[in-house]
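*Asks:* Sequence first, predicted model second:
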Amino acid sequence: MNLVSIEEHFFFTAEKTKKRKYFDLLKEVREMRKSLLKKIVKNQEGEIWCISKHLLASSMRLMEVGTKLLKEDRKDEAYDLFDNSYKLYTLFWALNLKLIDVGEIKELHGSALNKTDKNKSIFQKIGNIIDKTLDCCKE
């Protein structure tokens, strides 16, 4: 779902080359992204749509930079970015699966979470749920 990055690349390519045809491609990719994101983001209240878009885009960007750092053998920095990338990814899913209350971001829904566990951050708690709920390897 990293179509936002493709939009950005078409924008910068259009500006750098002064070829306006890239804006037409940007428009097509943007429409595709909107259509696909609507299948996931059901709650379009307030800023949820934009928050969701930016969570996914940020997650993918951190993963991309982490991969580049890994190639440069800067493993610790890469792992830190990967961890943060995954935190944003799980926050996206927690928000869109309504596992968290957007009115009070620290309030967690459902008996699946141990709300009294003071040793875990919200990212650890929602990460555990997302790990169990979403398995990209299951078909």
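*Replies:* Now that the structure is in, tell me what you want to look at.
*Asks:* which residues does the residue most central in space within the chain contact?
*Replies:* Nearest residue to the geometric centre of the chain (Cα atoms, centre = their mean): residue 56, 2.0 Å. Contacts for residue 56 were tallied using Cβ atoms under 8 Å, 6 or more residues apart in numbering; they are 1-2, 4, 88-89, 92. Any C-beta I mention is one placed from the backbone N, CA and C, and that applies to glycine too.
*Asks:* Beyond the one helix or strand residue 4 maps to, next helix or strand please.
*Replies:* Using DSSP states H and E, residue 4 sits in helix 3-17. Elements were assigned by DSSP H and E; along the chain past helix 3-17, the next helix or strand is helix 21-40.
*Asks:* I'd like the mean pLDDT over that next one, please.
*Replies:* Across helix 21-40, pLDDT averages out at 95.
*Asks:* what's around residue 26, how many residues?
*Replies:* 19 (other Cβ atoms under 10 Å).
*Asks:* Tell me where the model's unsure across this structure.
*Replies:* By pLDDT under 70, the weakly predicted segments of the chain are 1, 46, 101-120, 122, 125-139.
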